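# no letters, just coordinates:
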């Protein structure tokens with residue numbers, strides 16, 4: 001799960017964001033915003049500038065992760081090297097797009113006037129990809 005913890009502005013709010021949702025508590029109230037709602041905010045102009053670019057990148061990361069997951073379920077019986085490399089490349093691509101989304105919103109150090117982000121889940125996913133690449137036999141289900 002590409003979970004990230006974030007703050008909004010100068011202590012205006014805090015929240016968590018997953019692949020398809022954003023849950024936040026702000027001085028204006030609590031919100032659970034699904035990705036489809038954020039897309040509509042971008043399309044109708046409620047969100048603009050770097051926030052809209054960040055949302056678009058987050059959507060692209062979710063699409064990449066979804067396509068990778070679907071491929072993994074379809075090709076699960078084909079446990080050869082191409083399967084693992086395709087899945088790891090898809091996951092890495094999704095994670096890089098998620099990180100790009102956070103960088104667009106919060107800057108290269110993930111901290112700016114807009115707030116800050118700690119992409120915990122993204123780094124955890126990348127860690128597991130590294131484990132999968134280093135020890136592929138651990139994930140072999142051959143008899």
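Received it, and whenever you're ready, just let me know what you need. Everything numeric here is computed off the predicted structure, so don't read it as measured data. Numbers count the residues shown, from 1 in each chain.
# surely residue 137 is in a strand?
No. The assignment for residue 137 is helix, going by DSSP: H, G, I helix; E, B strand; the rest coil, so no strand is present there.
# relative to residue 76, how far out is it?
With distances taken as CB to CB, to the nearest Å, residue 137 is found 17 Å from residue 76. C-beta here means a position set from N, CA and C on the backbone, and glycine is covered the same way.
# of those two, who's got more company?
Between residue 137 and residue 76, counted using other CB atoms under 10 Å, residue 76 has the larger neighbour count: 11 against 6.
# residues contacting the more buried one?
Listed by CB atoms under 8 Å, 6 or more residues apart in numbering, residue 76 has no contact partners.
# where does it land in three-state SS?
Strictly by three-state DSSP, residue 76 counts as coil.
# let me know how buried residue 122 is, in neighbour terms.
23.
# and the gap between it and residue 21?
Counting by CB to CB, the gap from residue 122 to residue 21 is 15 Å.
# which residues of this structure score low on pLDDT?
Flagging of the chain using pLDDT under 70 yields the residue ranges 1, 78-81, 136, 139-143.
# how about 80 then?
Residues of the chain meeting the criterion pLDDT under 80: 1-2, 76-84, 132-133, 135-143.
# ok, then the element right after the helix or strand containing residue 30?
Counting by DSSP states H and E, the element that carries residue 30 is strand 29-34. Per DSSP H and E, strand 29-34 leads on to helix 35-43 as the next helix or strand towards the C-terminus.
# show me what that next one is in contact with.
If you take CB under 8 Å, 6+ apart as the criterion, helix 35-43 is touched by 19, 20, 21, 22, 47, 48, 52, 55, 56, 58, 59, 62.
# show me where the chain has its strands.
For the chain, the strands defined by DSSP state E cover 4-8, 13-17, 21-26, 29-34, 111-112, 115-118.
# quick one: closest of those strands to residue 92.
Smallest distance to residue 92 across these (CB to CB): 16.8 Å, for strand 4-8.
# report the angle between the closest one and strand 21-26.
If you take axes from the mean of the first three to the mean of the last three CA atoms, to 10 degrees, strand 4-8 sits at 30 degrees to strand 21-26.
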